[in-house]
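1. Dropping the sequence and predicted coords here.
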Amino acid sequence: MDLDISRDQVYAPDMPMGLDIALAKNHTARDYFYALPQAQQLQIIEHTHGIESKEEMQAYADSLVGMGL
């Protein structure tokens, strides 16, 4: 079975669960995140390691579109 996943996308095992859930709630942020090159996706993921609450994670995910990385 072939998966239609870009080489630049971060695969699910590498995605923090909190970020994955937050992106699922904001399709615009999700689409923006997966349109980024893998290096920038990993930069965003690194930032999430300091996030301590669901609300903070959602706010961070919601802010991705405005980041202009």
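-> The structure has been received and is ready for your questions.

2. quick one: Leu23 and Ala61 touch, right?
-> Yes - using Cβ atoms under 8 Å, Leu23 is in contact with Ala61, at 5.4 Å. Bear in mind the C-beta positions are built from the backbone N, C-alpha and C, glycine included.

3. overlap in contacts of the two?
-> Common neighbours of Leu23 and Ala61 (criterion: Cβ atoms under 8 Å, 6 or more residues apart in numbering): Ala29, Phe33.

4. between these two, which one's more packed in?
-> Regarding Leu23 and Ala61, a neighbour count based on other Cβ atoms under 10 Å identifies Ala61 as having more, with 26 against 23.

5. Grab the nearest non-local neighbour of the more buried one.
-> Ala22 (3.5 Å; Cβ to Cβ, 6 or more residues apart in numbering).

6. Return the residues in contact with the one you found.
-> Ala29, Lys54, Met57, Gln58, Tyr60, Ala61, Asp62.

7. Tell me the most packed of those residues, by neighbour count.
-> Ala61 (26 neighbours).

8. so that one touches Met15, yeah?
-> No - taking contacts as Cβ under 8 Å, Ala61 lies outside contact range of Met15: 11.6 Å.
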